[in-house]
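Q: Could you look at this predicted model? Sequence included:
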Amino acid sequence: MSWIELQIAVPPEIADLVAATVGEIAGGVEIRDRGTLIHSDEDRTVLVALCAPDDVEGLLTEVQETCSRASAAGLRAQPVTIKRRAAHEDEWRDIWKKYFKATRVGQTFIVRPSWDPGAVHDGDRVIDLDPGRAFGTGGHASTRMVIALAEQVEEKPVRRFLDLGCGSGILAIAGARLWPTAAGLAVDVDPEATACARENLERNRVTTVALADGTLADVPGTFDVVLANIQANVLLDLAPVFPGRLEPEAVVVLSGLLNTDAPAVLDSYQRLGFTLDGRMEEDEWVALRLGWRPAPRAER
């Protein structure tokens, strides 16, 4: 199928807002910045999407309106530059072969594509991954920090864990490696992402993780660990939903946060009773490890 590839370069301050707009129309968006395998300029974030030709003008109109609202709210929303070209969907997969190589993540993981076996040592936890069009290769700081923070609670007794916004399924696979006796659930609002995650779960012979389309509000039951590498505005919206999905003493790892986003997100969760138990920073990205210890109910 032929598509139009759009590359939309925006100031980092509005990247999440514009990415949400683009992703809703195009069905997915790749974010390039200083921390990604394909770099952007230091002061720019590039959003890349494959768009059906008939949807291009409508998408660009929505982007313009989003930028105008951001500017009215006092955010730096200019300059915005847009490049477009004809593309075939196979290019999305093929480009990874140039940039995605075997990568060490955290203390014990190695993430590798089928075209680069890497050097595996005793004690390594291997994740075999072909990302397709879904986010998550271990090459972005936000993904690396989730896995590193999850390793810090490896010894925690875990009955159920959740990969929220699973993308390629990399965090679900890491969870299955860290807590092999636990039941995992990987969830994403994008059916193409869950399809990609299913392929990668099968590739890694992971049978303890179920898949579902949807968001946190659609998830049944409660969890001992939640791994969520999602945009800050989505994490803010989901904050009130989290307590009803967590076991006492649960751990929640939040990532995908720019250092300018982290204070508001942390404050929102702390107001609900979460504690900050760990924090990592890499370049302009921040990840938080939060503890959930609900206050005991008062006796009547």
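A: Noted; the coordinates are in hand. Residues are numbered from 1 along each chain as shown.
Q: and residue 114, what does it touch?
A: 128, 130 (C-beta atoms under 8 Å, 6 or more residues apart in numbering). (Glycine included, C-beta is placed from N, CA and C.)
Q: Can you list phi and psi of it for me?
A: phi -60, psi -20 (degrees, to the nearest 10).
Q: In terms of pLDDT, where does it sit?
A: Per-residue pLDDT puts residue 114 at 76.
Q: State the distance from it to residue 84.
A: 31 Å (C-beta to C-beta, to the nearest Å).
Q: which one's the longest strand in the chain?
A: strand 246-258 (DSSP state E).
Q: Give the partner strands of that one in its sheet and their orientations.
A: Strand 246-258 pairs in its sheet with strand 223-229 (parallel), strand 285-292 (antiparallel), by DSSP bridges.
Q: Not counting sequence-adjacent ones, nearest residue to the residue nearest the centre of the chain?
A: The centre of the chain sits closest to residue 229, judged by C-alpha atoms, centre = their mean, with a distance of 3.3 Å. What sits nearest to residue 229 in space, not counting adjacent residues and going by C-beta to C-beta, 6 or more residues apart in numbering, is residue 255, at 4.4 Å.
Q: Report the contact partners of the one you found.
A: 142, 143, 145, 146, 149, 228, 229, 230, 285, 286, 287, 288.
Q: one more time with 6 Å
A: Residues in contact with residue 255, defined by C-beta atoms under 6 Å, 6 or more residues apart in numbering, are 142, 145, 146, 229, 287.
Q: Show me what the longest helix seen in the chain is packed up against.
A: For the chain, the longest helix by residue count, based on DSSP state H, is helix 56-72. If contacts are counted by 3 or more C-beta pairs under 6 Å, 6 or more residues apart in numbering; DSSP states H and E, helix 56-72 sits against helix 15-26.
Q: How many residues are close by the nearest residue to residue 191 once chain neighbours are set aside?
A: Using C-beta to C-beta, 6+ apart and skipping residues adjacent in sequence, the residue nearest residue 191 is residue 213, 5.3 Å away. Look at residue 213: counted by other C-beta atoms under 10 Å, it has 13 neighbours.
Q: Residue 213 pairs with what?
A: Counting by DSSP bridges, residue 213 is bridged to residue 188.
Q: Same question for residue 253.
A: With DSSP bridges as the criterion, residue 253 is bridged to residue 227, residue 289.
Q: hang on, the earlier thing: list the buried residues of the longest strand of the chain.
A: Residues of strand 246-258 classed as buried: 246, 247, 250, 251, 252, 253, 254, 255, 256, 257, 258 (neighbour count, 16 or more other C-beta atoms under 10 Å).
Q: Fine, thanks again, bye for now.
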